[in-house]
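S.K.: the sequence and its predicted three-dimensional model are supplied below.
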Amino acid sequence: MKFSSSISDPFGTNITFVILAAIFVISCQRGNRTQLSGDVIKNPVVLNADTKTRKVRLLPYWVPSSQFAGYYVGIEKGIFKKHGIDLEIIPYDSQVSPDSLLRERKIDFAPLWLVNAIEIREKGVDIVNIAQFSTRSSLMLISKKSSGINKIEDINGKKAGIWLGFEMQPKALFKKSKLDVKIIPIGSTNSLFLLGGVDVTNANWFDEYHSLINNGLNEDEMNKFFFADYGLNFLEDGIYCLRNRITEDPDLCRDFMEATLESWNYAFNNQNEAIDIVVKYAEAQKQPVNRSHQKWMLSAYKTLYIPAATTSINTFLSEKDYDAIQNILMESRLVGKGTPYDSFYKPFSKLIKK
């Protein structure tokens with residue numbers, strides 16, 4: 001049986017969707033990981049013998065879903081090939097960290113949240129941001145109103161389900177708000193929250209929030225605490241590579257980014273086709289997937305990548321946003337001395353072609 005529901009988008013749009021009432025669990029599962037193959041070559045950027053197409057490897061930070069639609073669409077529609085790139089998407093594996101693969105040059109590019117990229121720089125991996133797609137944070141904490149957690153202070157002394165590897169932003173919020181919260185690492189599903197195993201759970205507006213509704217919670221049964229509302233507007237998706245990649249091969253970086261932008265624009269303008277492609281990749285990796293949820297996700301992602309009152313995908317990382325985020329992490333003692341903006345951000349548009 002189908003029913004329609006309209007959710008008010010906090011980013012300024014109304015998104016109406018049709019979802020299935022009898023959906024089992026439709027969140028983008030993060031538990032069943034595909035193991036990284038052991039034949040990863042040392043330096044994946046090579047020229048094929050018969051063409052000038054360059055082999056490039058990209059590591060998403062999650063399993064196949066619409067949040068990476070641009071890359072899958074770009075491969076299927078031949079957009080990367082048109083720009084001279086043979087793109088391979090390395091399957092996400094929770095046991096393999098992007099910083100180690102970047103350091104060892106086993107991948108060339110990685111979409112990362114800004115907070116995770118700052119953490120990787122803190123570990124000594126010399127990565128740079130060449131494009132900042134996300135313009136605002138979509139991250140929130142969610143509580144059930146029945147739990148009595150109606151304001152941020154009510155989380156004190158409670159248990160929070162936080163994704164493994166994404167703890168820095170919640171830790172910064174808890175420290176800033178002087179809250180004593182027990183962090184429970186979670187993986188792919190919302191089950192622990194739905195069953196009452198944790199009092200609050202983290203969620204993205206474009207993903208888990210919609211999944212919770214599909215799993216039977218009504219909007220008016222949940223409280224939403226957006227991190228941005230508490231001074232933690234931590235930007236999300238940016239494109240990163242090693243600094244020596246932009247010095248050794250600026251042409252590759254520019255070509256990759258131009259292909260990526262064209263691919264994302266195609267996905268946003270042809271959403272049904274893009275979802276077909278995403279479903280194909282998810283099923284190939286044996287990931288549970290639901291078209292209604294993927295449609296919601298892709299529509300929400302467009303609002304994150306294309307700011308209000310603009311018509312093109314953002315690629316600019318502002319110094320103000322970067323410094324604000326890094327300063328919060330430093331004040332919370334989650335990072336040390338930090339990295340200057342001019343050293344961290346190297347926009348692809350300013351790379352000089354050889």
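M.R.: Yep, it's here. Numbers count the residues shown, from 1 in each chain.

S.K.: for Leu351, grab the count of nearby residues.
M.R.: For Leu351, the count of nearby residues is 18 (other Cβ atoms under 10 Å). The C-beta positions use only the backbone N, C-alpha and C, and glycine is treated the same way.

S.K.: tell me the confidence at it?
M.R.: Listed pLDDT for Leu351 reads 89.

S.K.: which other residues reach stretch 190-201?
M.R.: Stretch 190-201 is contacted by residues 25, 27, 141-143, 147, 149, 155, 158-162, 184, 186, 203, 208, 211-212, 215-217, 225 when judged by Cβ atoms under 8 Å, 6 or more residues apart in numbering.

S.K.: quick check: buried residues in it?
M.R.: Neighbour-count burial for stretch 190-201 flags Asn190, Phe193, Leu194, Val198, Asp199, Val200, Thr201 (criterion: 16 or more other Cβ atoms under 10 Å).

S.K.: what does stretch 154-165 give?
M.R.: Going by 16+ other Cβ under 10 Å, stretch 154-165 has these buried residues: Asp154, Ile155, Lys158, Lys159, Ala160, Gly161, Ile162, Trp163.

S.K.: on that earlier part again, restricted to buried residues, select the contacts of stretch 190-201 in PyMOL.
M.R.: Buried members of the contacts of stretch 190-201 can be picked out in PyMOL with the line below, counting by 16+ other Cβ under 10 Å:
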select buried, resi 27+141+142+143+149+155+158+159+160+161+162+184+186+203+208+211+212+215+217+225
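
S.K.: if I pick the most centrally placed residue in the chain, what's in contact with it?
M.R.: Centroid-nearest residue in the chain, with Cα atoms, centre = their mean: Asp237, separated by 5.2 Å. Contact partners of Asp237, counting by Cβ under 8 Å, 6+ apart, are Gln67, Pro111, Leu112, Trp113, Gln132, Phe133, Ser134, Leu304, Tyr305.

S.K.: which residues does it form beta bridges with?
M.R.: Assessed by DSSP bridges, Asp237 has beta-bridge partners Trp113.

S.K.: report the separation between it and Leu192.
M.R.: Distance, Asp237 to Leu192, using Cβ to Cβ, to the nearest Å: 26 Å.

S.K.: so the residue lying closest to Ile149 once chain neighbours are set aside: helix, strand or coil?
M.R.: Of all residues not flanking Ile149 in the chain, Ser143 sits nearest, at 3.8 Å (Cβ to Cβ, 6 or more residues apart in numbering). On the three-state scheme (DSSP: H, G, I helix; E, B strand; the rest coil), Ser143 is labelled strand.

S.K.: ok, Ser143 to Phe193 distance?
M.R.: Relative to Phe193, and taking Cβ to Cβ, Ser143 is found at 9 Å.
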